Each structure stands twice: as C-alpha cells, then as structure tokens.
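Undergrad: fold the stuff below for me.
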Amino acid sequence: MAALYLELGSNIGARRTNIMSAISFLNSYFGRYEAMSEIIATEPVGFEGPEFLNCVVRYNTRKRPETILEICKRIEKHLGREDSPEYAPDGSRIYRSRIIDIDILLYGNVRMNTPELTIPHPQVEGRAFVKPLLAQVMENN
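TA: Residues are numbered from 1 along each chain as shown. As a prediction, the model looks like this:
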C-alpha cells in the first residue's frame with residue numbers, strides 16, 4: 001500500500017458539493033479517505049474566472065498510477081466536466097473554469113513523467129496553496 005495524495009478543486013456551480021461528491025466517488029474506489037485538509041478558497045491561476053474551492057485528501061492504495069488517473073478522469077466526467085486539456089502553441093497548458101478537477105499530487109515513492117501523467121504533480125511546487133493543504137493531510141498520519 002502506498003499513500004495517494006489528491007488535490008480537488010471546483011470553481012463552477014455548487015463548488016463544495018462538487019468536491020464532496022467527488023470525494024464520495026473516490027471513497028467508493030479507494031475506501032474512505034485517511035485524511036482531508038480544510039477546504040479553502042483560492043484565486044484562479046493562469047486565467048480569469050470565479051474563485052476556486054480546493055482541498056487535499058489522502059488514501060492508501062495498491063492501484064497503478066494509470067488506473068488512478070483513469071478513475072479520477074471518470075469521476076470528473078461523471079460530475080459534468082466536459083473539457084479536455086488544451087495547450088497553447090508554445091506547449092503551455094491553457095486553464096479554464098471547471099466543475100471539478102482531481103489531480104494526483106503524490107503517490108508513494110512513484111516518480112513518473114509521461115504525456116498523460118506527471119508524479120509528483122508540477123503544481124505541488126507551482127501553486128502556493130497546495131503545500132499547506134498537503135501538509136495538513138501529511139500531519140494526520
């Protein structure tokens with residue numbers, strides 16, 4: 001078993017309900033989460049839009065990283081997310097508002113960088129709000 005840290009965010013609709021619904025679905029795949037951070041409001045990064053609510057949850061699992069990503073994408077789609085990643089001509093990611101976003105931040109000692117999945121997630125270092133939320137769930141071991 002390895003610790004899996006997921007970041008959830010929502011800035012469209014009933015944001016808190018979107019996050020809690022996603023966690024309920026995640027619980028059905030991974031068992032009840034072991035720790036959850038507070039849910040905080042943050043400004044969008046890289047685009048103009050409504051404020052996000054964000055949190056981090058920790059699970060323990062043996063699932064493969066690719067399977068975890070597939071589960072996260074399935075839940076996002078089930079909750080109404082319709083967009084797929086978009087990229088600018090320079091290769092940088094284009095971000096937009098979204099009903100739910102589930103990112104794999106860390107997974108045990110896994111290090112990978114494929115076109116589909118990067119672990120640890122680049123936003124662990126790139127977004128100031130992620131580290132404090134991650135610290136909250138790491139403290140609750």
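Undergrad: contacts only, for the closest residue to residue 108 other than its chain neighbours.
TA: Of all residues beyond its chain neighbours, the one nearest residue 108 is residue 2 (2.9 Å), with distances taken as C-beta to C-beta, 6 or more residues apart in numbering. Using the backbone N, CA and C atoms, a C-beta is placed for each residue, glycine as well. Under the criterion of C-beta atoms under 8 Å, 6 or more residues apart in numbering, the contact list for residue 2 reads 60-62, 107-110.
Undergrad: give me the phi and psi for residue 2.
TA: Per-residue torsions, residue 2: phi -130, psi 150 (degrees, to the nearest 10).
Undergrad: residue 2 and residue 132: what is the separation?
TA: Using C-beta to C-beta, to the nearest Å, we find residue 2 at a distance of 23 Å from residue 132.
Undergrad: now for the lowest-mean-pLDDT helix or strand in the chain, which elements pack on it?
TA: Sorting the helices and strands of the chain by mean pLDDT, DSSP states H and E puts strand 93-94 at the bottom, at a mean of 73. In terms of contact count using 3 or more C-beta pairs under 8 Å, 6 or more residues apart in numbering; DSSP states H and E, strand 93-94 is assigned the packing partners strand 86-87.
Undergrad: these two touch, right, residue 42 and residue 130?
TA: No: taking C-beta atoms under 8 Å as the contact criterion, residue 42 and residue 130 are not neighbours in contact, 9.4 Å apart.
Undergrad: so those two - more neighbours on which side?
TA: Between residue 42 and residue 130, counted using other C-beta atoms under 10 Å, residue 130 has the larger neighbour count: 22 against 16.
Undergrad: that one: what's it in contact with?
TA: The neighbourhood of residue 130, defined by C-beta under 8 Å, 6+ apart, consists of 7, 54, 56, 105, 123-124.
Undergrad: just the buried ones out of those residues, please.
TA: 7, 54, 56, 105, 123-124 (16 or more other C-beta atoms under 10 Å).
Undergrad: now, the most widely separated pair of those?
TA: When the buried ones among the contacts of residue 130 are compared pair by pair using C-beta to C-beta, the two farthest from each other are 54 and 124, 12.9 Å apart.
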